[in-house]
Structure formats: structure tokens, C-alpha cells
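**Student:** from the sequence below, what's the structure:
(2 chains)
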Amino acid sequence: AQKVTQAQTEISVVEKEDVTLDCVYETRDTTYYLFWYKQPPSGELVFLIRRNSFDEQNEISGRYSWNFQKSTSSFNFTITASQVVDSAVYFCALSSRSNTGNQFYFGTGTSLTVIP
Amino acid sequence: SQTIHQWPATLVQPVGSPLSLECTVEGTSNPNLYWYRQAAGRGLQLLFYSVGIGQISSEVPQNLSASRPQDRQFILSSKKLLLSDSGFYLCAWSRRGGGADTQYFGPGTRLTVL
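**Tutor:** So this is what the prediction gives:
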């Protein structure tokens, strides 16, 4: 079975604080892919990052960074020096080659509010 | 570059009325296409996906149906809407082929059934 858990339902931080969004996944596949999406109030899901199971290097993109650890089946997302524009719902997702039609398994999302 | 369109953006329909939501993709060929629903509470539920014209797979038995009359067009329909069909409907596309390619989402349609 494949599953993604985002235990944090809602998080509030004050602007300029750092915040980490947790994502834990379950899969029996050896080749799989992990994703993060941002859903601002407008509703559209915006793709942020894709990671494959063979690449455990952490990635940094501006204020965003991702920590992939296969040992703990986690793919956490950190926003440094948060800004009001970071307020959104963030989704973690999992897919693998065995998924017919490239199905994604989404977590339930973490709602982030950045307070000015 | 690829773009994905959905219309209408918002829709208010009475219970029992029909529904037709449209999704089109530009700038790519032979995409995989998906319909998701997001009810209040944020969870994304995959409704249908299609790997080609006329090929539709349903994930959840329900009051809805999907069709793919053209390579880059995906339509979500219902003959009679239920109150429980209210929600935010998102269309997505990905490149066809092996491997879990990134899904790219459209702007969504917000449906309210009264």
C-alpha cells in the first residue's frame, strides 16, 4: 500500500520565522517519486519539487529547502525566513512506476499561515 | 510551454441539474489527464484518469463520468447533481510514459450545488 501522512494540519508562524512541514510516506516500491505542491488561496496547485528515490541529496531553492531521508521515510520541507506570501496549503505526494496511469497519493495537506 | 485551462471557473447549480466541466491542455501531445475533487477539508480525491482518447479509468464509483473526445480535452459530467458533488474540481496533466512524471494542475472549477 502507498500512503502519505502530513501530521500537521495547521501551522502558524510569525513572519521571518523558519518553518518545517513534515511528510512521511509508505511504499513497498524501490523506485518512487516524491513531490511537494503549494495551493495558495486562489486554489491552483503549484508544483514545487520532484524527487526520485535514488537521489537523497537535499535541495535548496532560495528560501525553500527539502530534506529527503529514506531511513525514516520522510521528505520534509523547510521555509526559511517565512513571508506572508508563503501562506497556503502545502501538499506532499507520492507516486511510483507501478502505479497504473501515474496515480499520485496525496497527503491531507498542511495549512500554513504566516502572520505579519 | 504547456498550459492547462479549465472552465467555468465557478458554477452554482441546483440539485438534479446536469453538469459539464471542461479541461484542455496546450503545448503537449498525448498527455495523461486527471480529474480530482477537493471537498472542504482540503483532501484531494482522484476521480478519473485517462491515458488516451476514449480511455477512462474511474477511481471512485459515483454520480460523475468523464470523457476524452480529443487528445487534449477532458470532460467531467453528471446527469443529475447531488449536494455532495459540491467542491473544487481540479484537472491535471502529465507526460505519458513510464515513471511517475510530475502532474501539472489547472486553475480549478469551484462547484456549488444548492
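**Student:** now residue 67: which helix or strand?
**Tutor:** Using chain A. strand A:64-69 (DSSP states H and E).
**Student:** right idea, wrong chain: chain B
**Tutor:** Assigned by DSSP H and E, residue B:67 falls in strand B:65-70.
**Student:** re the thing from before, list the helices and strands the next helix or strand after the strand holding residue A:67 packs on?
**Tutor:** Note on strand A:64-69: by DSSP H and E, the next helix or strand toward the C-terminus is strand A:74-79. If you count contacts as 3 or more Cβ pairs under 8 Å, 6 or more residues apart in numbering or on different chains; DSSP states H and E, strand A:74-79 packs onto strand A:19-21, strand A:24-26, strand A:32-39, strand A:64-69, strand A:88-96. No exception for glycine: its C-beta is placed from N, CA and C like everyone else's.
**Student:** what's the third one in contact with?
**Tutor:** In this case it means strand A:32-39. With Cβ atoms under 8 Å, 6 or more residues apart in numbering or on different chains as the test, strand A:32-39 has contacts from A:2, A:23, A:25, A:45-53, A:66, A:68, A:75, A:77, A:88-97, A:104, A:109, B:42, B:99-100, B:102-103, B:105.
**Student:** switch to 6 Å and redo it
**Tutor:** Contacts of strand A:32-39 with the rest of the structure, by Cβ atoms under 6 Å, 6 or more residues apart in numbering or on different chains, involve A:45-53, A:75, A:77, A:88-96, B:100.
**Student:** need the buried ones from these selected in ChimeraX.
**Tutor:** Here is the ChimeraX selection string for the buried members of those, based on 16 or more other Cβ atoms under 10 Å in any protein chain shown:
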select /A:45,48,49,50,51,53,75,77,88,89,90,91,92,93,94,95,96 /B:100
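**Student:** that's a strand at residue A:4, yeah?
**Tutor:** Yes: the assignment for residue A:4 by DSSP: H, G, I helix; E, B strand; the rest coil puts it in a strand.
**Student:** get me the contact residues on chain B for chain A.
**Tutor:** Residues of chain B lying close to chain A (Cβ under 6 Å from any Cβ of the partner chain) are B:32, B:42-44, B:49, B:51, B:57, B:88, B:94, B:98-100, B:102, B:105, B:107-108.
**Student:** grab the most central residue of chain B for me.
**Tutor:** Chain B has residue B:35 as the residue nearest its centroid, 2.9 Å off, counting by Cα atoms, centre = their mean.
**Student:** contacting residues around that one?
**Tutor:** B:47, B:48, B:66, B:76, B:91.
**Student:** thanks a lot, see you next time.
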